[in-house]
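**Q** Just a sequence and a predicted model for now, questions to come.
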Amino acid sequence: AGPGRAQLKDRFDPRRQRIELGRAPLLRFVIAREPGSARWLLLELQHHLIGDHTTLEVMRAEVQAELEGRAHELTEPQPFRNLVAQAHLGADAKADEAFFRGWLADIDEPCTPFGLSEVRGDGSGVREAQRMLPEQLNARLRSQARRLGVSLASLCHLAWGQVVARSSGREQVVFGTVLFGRMHG
């Protein structure tokens, strides 16, 4: 039924097959042979809460090192529990709660871009478009992030907040994003 890559993408489309947050594993791999060839395909399925662009870059670099016979150059993997423990060392849950209550206490209704509040459908009507940024703009954004002392992801999240604000008609917006490990920045 077509090229293996297209079949895998269709079969494991996240709009129809979701990774449940409460059920391990949150990172999965699907391996299949390309129809009619000796080529193997690998599809990575990852819940958005456990990874971001940086995570993906690190994983790809590690796979590349393995494929090139440079696995000995990789650092020893650390258990995830070490990261969790480090994030919680000296953490004050009451202070964290007070911090977020201070910022979010007056938010009393959801931000609904374009008035779209029903988002629990099966996703079959959703269409996605992607466009690569010109290299020059990418370089300017990275330079600006460095100048401000923040990550490029933080700058992009701020920009997305502006999109949500304009498309929802709200001055203050709250939306989900990957924050784990970044609370100290």
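**A** Structure's in. What do you need?
**Q** Every contact and neighbour count from this point should use C-alpha atoms.
**A** Will do.
**Q** Go through the strand or helix carrying L56 and flag the buried ones.
**A** Using DSSP states H and E, L56 falls within helix 53-67. The neighbour-count check on helix 53-67 (16 or more other C-alpha atoms under 10 Å) flags E62 as buried.
**Q** residues making contact with it?
**A** The contact list for helix 53-67 (C-alpha atoms under 8 Å, 6 or more residues apart in numbering) reads A71, E73, L74.
**Q** Quick check: next helix or strand after the helix or strand R146 falls within?
**A** Following DSSP H and E, one finds R146 within helix 135-148. Heading C-terminal from helix 135-148, the first helix or strand you meet, by DSSP H and E, is helix 152-168.
**Q** Which strands or helices does that next one pack on?
**A** Identification of packing neighbours for helix 152-168 by 3 or more C-alpha pairs under 8 Å, 6 or more residues apart in numbering; DSSP states H and E yields helix 135-148.
**Q** Give me the distance from the helix it packs on to the chain's centre.
**A** Relative to its parent chain, helix 135-148 has a centroid offset of 20 Å by C-alpha atoms, centre = their mean, to the nearest Å.
**Q** any idea of the angle that helix forms with helix 152-168?
**A** Using axes from the mean of the first three to the mean of the last three C-alpha atoms, to 10 degrees, the inter-axis angle of helix 135-148 relative to helix 152-168 is 100 degrees.
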